[in-house]
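**Student:** With the sequence up front, the predicted model follows.
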Amino acid sequence: MPNLTQSIFIDTSAFIALRDSKDINHPRAKSFLKEIKNKRIILFTTNFIFDEVYTYFCRFHNVAVEMGEYIRNSPGAIVYNRITTEDENPAWEIAKSYKDKTFSFTDCTTFSICERLGIKDVFAFDEHFKQYGKFNVLP
């Protein structure tokens with residue numbers, strides 16, 4: 001578990017695992033979130049992750065709105081960042097250079113913003129973070 005001085009980026013896959021009790025990673029996600037809360041570690045995410053989470057749950061409108069509110073309005077727990085040109089340009093370079101990977105553009109923007117902010121730890125169940133190879137994938 002990271003110490004208090006570290007920040008953790010929370011990915012779409014973690015949000016889905018936290019909310020969907022049928023997700024194979026649900027128990028691990030819930031347990032890890034409890035550890036994060038107990039240690040008062042702040043999570044970071046982006047508007048692109050928000051979009052993916054909302055889109056994933058949109059067939060269940062109430063759940064999509066619940067998750068959207070959780071992501072956008074959890075001051076002190078989640079820092080909500082907007083992807084900027086400063087993140088998009090390096091993300092596009094990542095997308096172009098990893099020809100053998102199936103990174104989404106959201107993945108690439110996440111890699112870019114984490115690098116810009118100096119975030120090394122990622123709460124995710126998405127294999128793309130391991131494939132990129134520059135982050136500690138937790139739990």
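**Tutor:** Happy to help now that I have it.

**Student:** now the closest residue in space to Ile83 that isn't next to it in sequence: how far from Tyr70?
**Tutor:** Excluding its sequence neighbours, the residue lying closest to Ile83 (CB to CB, 6 or more residues apart in numbering) is Thr109, at 4.8 Å. For glycine as for every other residue, the C-beta is placed from the backbone atoms N, C-alpha and C. Per CB to CB, to the nearest Å, Thr109 is found 21 Å from Tyr70.

**Student:** Over to Glu127?
**Tutor:** From Glu127 to Tyr70 the distance is 25 Å (CB to CB).

**Student:** higher neighbour count, these two?
**Tutor:** Comparing Glu127 with Tyr70 by neighbour count (other CB atoms under 10 Å), the higher total belongs to Tyr70, at 16 against 12.

**Student:** Per-residue pLDDT of that one, please?
**Tutor:** pLDDT, Tyr70: 95.

**Student:** can you pull the contacts of Ala14?
**Tutor:** Contacts for Ala14 (CB atoms under 8 Å, 6 or more residues apart in numbering) come out as Asn25, Ala29, Phe123, Ala124, Phe125.

**Student:** Asn136 is in contact with the fourth one, correct?
**Tutor:** No. Here Ala124 does not reach Asn136: they are 10.3 Å apart, not a contact under CB atoms under 8 Å.
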